[in-house]
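In: Using only what follows, build the 3D model:
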Amino acid sequence: MKVVERKLPADAAEIGVFTDKLVEALPPWVERERIRFGLTEALTNALVHGALEIDSAERDADYMRYLELISERSAARRESHKIGVRIEATDTTITFKVRWTGAACPSPYRSRRQEQSEVSLHGRGLGIIYSCFDDVDWDDDGYGMILIVERAA
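Out: Purely as a prediction, here's the structure:
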């Protein structure tokens, strides 16, 4: 088993660069764009809602202010609120363990929600995450998630 661990600063640009490099290094059997999409969503949620503690209601109320909050809090928390990523790879499975500091994911959002609508105001990102990975699990405290992709038989 190959294991790689990284601590990412609370910075969207760093997350993007990390995700691009990581996806390019995945084995050929992985659907790269699916994983890029899901991992970007998971890390962005960990950043914005976790490390930066910004609620989706901020985005809905005033989008420009929402972007300002991301910029301000990223600058203030860049080094203090890290997002940990651990990748465990075998010949048949890749597991991404994402863990952050800041705010926990509320428990109602930590389960696959079948009733999720594509046009709902909140929770679409979680639907994306669940659709991009073969399995998604949560740490009991809400500060981490486990994303699994399995090689097709």
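In: For the rest of this, base every contact and every neighbour count on C-alpha atoms.
Out: Noted.
In: Low-confidence regions, the chain specifically.
Out: Along the chain, the parts satisfying pLDDT under 70 run over 112-124.
In: what sits against the residue nearest the centre of the chain?
Out: In the chain, the C-alpha nearest the mean C-alpha coordinate belongs to residue 42, at 1.5 Å (Cα atoms, centre = their mean). Contact partners of residue 42, counting by Cα atoms under 8 Å, 6 or more residues apart in numbering, are 98, 125-126, 129.
In: Strands - which of the residues you listed land there?
Out: Using DSSP state E, the subset of the contacts of residue 42 located in strands is residue 98.
In: Take the contacts of residue 42 and lay them out in JSON lines including distance to residue 144.
Out: As requested, these are exported to JSON lines (distance: Cα to Cα, whole Å):
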{"residue": "98", "distance to residue 144": "5"}
{"residue": "125", "distance to residue 144": "15"}
{"residue": "126", "distance to residue 144": "13"}
{"residue": "129", "distance to residue 144": "13"}
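In: List buried residues within the contacts of residue 42.
Out: 98, 125-126, 129 (16 or more other Cα atoms under 10 Å).
In: Show me which of those is closest to residue 109.
Out: Nearest to residue 109 among those, counting by Cα to Cα, is residue 126 at 7.7 Å.
In: Residue 26 - that's part of a helix, no?
Out: No. Going by DSSP: H, G, I helix; E, B strand; the rest coil, the assignment for residue 26 is coil, not a helix.
In: Burial check on it, number of neighbours?
Out: When neighbours are counted by other Cα atoms under 10 Å, residue 26 registers 14.
In: Equivalent analysis for residue 85, please.
Out: By other Cα under 10 Å, neighbour count at residue 85 equals 20.
In: what sits up against the helix or strand containing it?
Out: Using DSSP states H and E, residue 85 sits within strand 83-89. Residues from elsewhere that reach strand 83-89, judged by Cα under 8 Å, 6+ apart: 1-10, 43, 46-47, 51, 94-101.
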